[in-house]
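Visitor: Provide a 3D model corresponding to the input given below.
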Amino acid sequence: MTVELRLDEVSFRYGRKPDTLHALRLQQGAGILGLLGPNGAGKSTLMRLLATLSAPSRGRITWNGGDIARDPNALRRELGYLPQEFGVYPALSAREFLAYLAAVKGLDRRRGDERIEACLAAVGLAHAADRRLGDFSGGMRQRVGIAQALLNEPRLLIVDEPTVGLDPEERLRFRQILTDLAADRLVILSTHIVSDVDSSADRIAVMRSGRLLAHVTPGELIARAVGQVWRCTIGDSELPALRERHPVSHVERADGGLRVHVIARAAPQPAAEAIAPALEDAYLACLHLADAA
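Guide: Numbers count the residues shown, from 1 in each chain. Next comes the predicted model:
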């Protein structure tokens, strides 16, 4: 089945305040879209628009050709959403909590029971289905969040900053779950942590101050940063001044000083050497050196 999300000149503002989002244009099919940007970039506002919790002030969002502002229920039937703040009832077990949400979503008892077991298995929690949620780790609760988002077999799955506060092992497990889910649906992963999308995203959208700076593959984003990433070795006392002049993407101690990666259009100092960018470097180059699309 076709999966297509389109944003046509989408802007949004709260009341009489200035625009929070500015004329966003984007077309995306099945796979994982990594939505990157610093805090305040407008990512969560965009997620709320896509989840039909708000409507654009201007422009149009379509899902498989249908305007989601005019007919939000058409998308809601195919939508799974894990917001940044996801609460649970700690006294309930995972199975009980999902049964409650299945009823809220309108699934009948038989279908709900089937989907609960399938979703618990998909996120690796079948063994813990009858444990109290209050005893779950943060990562396990996030997996419950994904399970509830999958109950209605969505073709659009939106997850907003899902790995904040998780340890590295749980973050890796979470990214693998999303990768497994993306074969026949669109997964939008909103984050400011580049490693969350480094090995999983098919395309990356970079936002800054409510504007879309790029919507490209990871490889294309890296290619744009060639010649803009420099490595040099400096003394500890030089780092604050360097950071005032340029974005610094990496710092490690080496040779009695600090080896740093610097984002700049030209060599930040005579001894600096150009290096091949990693995705983190390319993201910072896009944020600080690229003009808005």
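Visitor: could you chop this structure up by domain?
Guide: Structural domains assigned to the chain are 5-217, 227-275, following automatic domain parsing.
Visitor: neighbours of the residue lying closest to Ala126 once chain neighbours are set aside, how many?
Guide: Taking C-beta to C-beta, 6 or more residues apart in numbering, and ignoring the residues beside it in sequence, Ala126 has Leu120 as its nearest neighbour in space, at 4.8 Å. (C-beta placed from N, C-alpha, C; glycine too.) Neighbouring residues of Leu120 were enumerated by other C-beta atoms under 10 Å; the total is 21.
Visitor: just the helices from the stretch 101-250 of the chain, written as ranges.
Guide: Under the criterion DSSP state H, counting those that start in this stretch, the stretch 101-250 of the chain contains helices at 109-122, 138-149, 168-181, 218-224, 239-245.
Visitor: so what touches the fourth one?
Guide: Contacts of helix 218-224 with the rest of the structure, by C-beta atoms under 8 Å, 6 or more residues apart in numbering, involve 197-198, 201, 203-204, 206, 214, 216, 277-279, 281-283, 285-286, 290.
Visitor: so how far is that helix from its chain's centroid?
Guide: Relative to the mean C-alpha coordinate of its chain, helix 218-224 is positioned 18 Å out (C-alpha atoms, centre = their mean, to the nearest Å).
Visitor: and that helix, average pLDDT?
Guide: Mean per-residue pLDDT for helix 218-224: 96.
Visitor: report pLDDT for Gln176.
Guide: The per-residue pLDDT reported for Gln176 equals 83.
Visitor: okay, now it: neighbour count?
Guide: Other residues close to Gln176 by other C-beta under 10 Å number 13.
Visitor: ok, now the one 4 residues further on?
Guide: The local packing count at Asp180 equals 11, with neighbours defined by other C-beta under 10 Å.
Visitor: check contacts around the closest residue to it other than its chain neighbours.
Guide: The spatial neighbour of Asp180 that comes closest, neighbours along the chain excluded (C-beta to C-beta, 6+ apart), is Ala122 at 7.6 Å. Ala122 sits next to 146-147, 150, 177, 180-181 when contact means C-beta under 8 Å, 6+ apart.
Visitor: same list (those) but as JSON lines, adding distance to Arg231.
Guide: Conversion of those to JSON lines gives the following (distance: C-beta to C-beta, whole Å):
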{"residue": "Ile146", "distance to Arg231": "38"}
{"residue": "Ala147", "distance to Arg231": "43"}
{"residue": "Leu150", "distance to Arg231": "43"}
{"residue": "Ile177", "distance to Arg231": "35"}
{"residue": "Asp180", "distance to Arg231": "36"}
{"residue": "Leu181", "distance to Arg231": "37"}
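Visitor: out of those residues, who has the most neighbours?
Guide: When neighbours are taken as other C-beta under 10 Å, the top entry among the contacts of Ala122 is Ala147 (27 neighbours).
Visitor: if I pick that one, what's in contact with it?
Guide: With C-beta under 8 Å, 6+ apart as the criterion, the residues that contact Ala147 are 94, 98, 116, 119-120, 122-123, 125.
Visitor: those: which two are farthest apart?
Guide: Ala94 and Ala122 (12.7 Å; C-beta to C-beta).
Visitor: circling back to that earlier point, most packed of the domains of the chain?
Guide: Burial among the domains of the chain, expressed as mean neighbours by mean count of other C-beta atoms under 10 Å, is greatest for domain 5-217, which shows a mean of 18.
Visitor: show me the shaky parts of the stretch 51-200 of the chain.
Guide: Counting by pLDDT under 70, not a single residue of the stretch 51-200 of the chain qualifies.
Visitor: where along it do the strands fall?
Guide: With strands called from DSSP state E, counting those that start in this stretch, the stretch 51-200 of the chain shows them at 58-63, 66-67, 79-82, 156-160, 186-191.
Visitor: what's near enough to touch Pro38?
Guide: Pro38 sits next to 192, 208, 287 when contact means C-beta under 8 Å, 6+ apart.
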